[in-house]
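Visitor: Take this sequence and fold it.
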Amino acid sequence: MRPYSPILSPIFSLLLAATIMPLLSVAQNIAPPVAMPKPGQVLISGTVPDEASKQNALSKLQEIYGVDRVVDQISIGPVALPANWNTYVQKLINPSLKLVSRGQLAIDGSNVSIKGEVDNEMQRQQIASEMAGNLNPTYTIKNGLRVSASEQNILDQTLANRTIEFESGQTTITASGKRILDEMSAALLKLRGKKLEVIGHTDNLGLRASNLSLSKARADAVKEYLAQKGANPDDISTSGQGPDRPVVPNDTVDGRSRNRRIEFRVAR
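Guide: Residues are numbered from 1 along each chain as shown. Predicted structure coming up:
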């Protein structure tokens with residue numbers, strides 16, 4: 001996330017500090033040495049009060065990205081952190097960060113900011129919603145994520161935040177859903193040769209296992225329909241996320257309706 005610099009990482013960086021700019025050691029007022037990560041690596045830097053806090057963040061990032069991809073530049077100094085800060089850092093460093101490219105997550109005490117590029121608007125909302133749900137109200141979040149200009153925009157603009165509807169509890173696509181998919185079929189002609197992911201989502205009502213199965217089956221139904229319209233089925237993969245990736249809270253009828261959706265993603 002921005003401010004982004006190739007010196008940090010071409011993919012992602014995580015900044016930890018009690019005072020975020022500049023990221024200096026409070027004890028010595030000397031900036032830690034700057035590494036030159038290779039493409040695909042992740043830089044973690046900043047100042048924390050003890051070794052336990054350092055390992056807490058470092059191990060979580062290594063769990064997400066892999067040990068070989070993480071560049072450690074964390075300093076230890078006399079900084080003050082909010083209560084349960086390490087617990088919240090663990091929640092903020094989660095697999096959703098892998099959706100962000102050319103990004104930066106900055107955790108400055110109880111101030112959190114995230115910047116970078118994601119493939120579509122739903123991912124941007126999803127990440128912000130997850131972060132808010134993982135923190136208490138004393139934390140503030142600045143969402144600087146932006147949707148990248150790419151083939152993904154063709155799909156997003158065609159879908160235009162509309163929902164592909166199915167018969168209740170079934171995999172049968174409604175007439176209105178088919179009309180949207182007819183438009184998506186035309187859009188796919190512009191992406192010929194690109195790999196496409198079709199991802200099904202549900203709200204959180206009912207059993208999770210049933211929702212996972214239903215979301216996958218609906219994604220498969222969409223793939224079959226697109227294939228009938230001329231799309232190459234070998235270029236389309238499907239998955240079902242069930243209720244695990246809501247874009248908004250499920251505590252209202254409108255929220256649950258928005259979470260019952262089909263997501264189209266150009267595979268990286």
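
Visitor: All the strands of the stretch 101-250 of the chain, residue numbers only.
Guide: Along the stretch 101-250 of the chain, counting by DSSP state E, counting those that start in this stretch, strands occupy 101-108, 111-118, 140-147, 196-201, 236-242.

Visitor: what sits up against the helix or strand just after the last one?
Guide: Same thing as strand 236-242. Moving toward the C-terminus from strand 236-242, the next helix or strand (DSSP states H and E) is helix 253-259. Contacts with helix 253-259, where a contact means Cβ atoms under 8 Å, 6 or more residues apart in numbering, come from Thr163, His201, Thr202, Asp203, Asn204, Leu205, Pro243, Pro246, Val247, Val248, Pro249, Asn250. Backbone N, C-alpha and C define where each C-beta goes, glycine included.

Visitor: give me that answer again for 6 Å
Guide: Contacting residues not belonging to helix 253-259 are listed as Asp203, Pro246, Val248, Pro249, Asn250 [Cβ atoms under 6 Å, 6 or more residues apart in numbering].

Visitor: How about stretch 216-232?
Guide: When contacts are defined by Cβ under 6 Å, 6+ apart, stretch 216-232 is touched by residues Phe166, Thr171, Leu181, Ser185, Leu188, Val198, Gly200, Pro233, Ile236, Thr238, Gly240, Ile262.

Visitor: what do you get if the cut-off is 7 Å, keeping everything else the same?
Guide: Here stretch 216-232 makes contact (Cβ atoms under 7 Å, 6 or more residues apart in numbering) with 164, 166, 171, 173, 178, 181-182, 184-185, 188, 198-200, 233, 236, 238-240, 262.

Visitor: do stretch 49-65 as well
Guide: Here stretch 49-65 makes contact (Cβ under 7 Å, 6+ apart) with 14, 16, 42, 44, 48, 70, 72, 74, 76, 78-79, 81, 86, 89-90, 93, 95, 97-98.

Visitor: Now with 6 Å, please.
Guide: Under the criterion Cβ under 6 Å, 6+ apart, residues 16, 42, 44, 48, 70, 72, 74, 79, 86, 89-90, 93, 95 lie in contact with stretch 49-65.

Visitor: Quick one: buried ones out of those residues?
Guide: Taking 16 or more other Cβ atoms under 10 Å as the criterion, what is buried in those is Leu16, Val42, Ile44, Val48, Val70, Ile74, Val79, Asn86, Val89, Gln90, Ile93.
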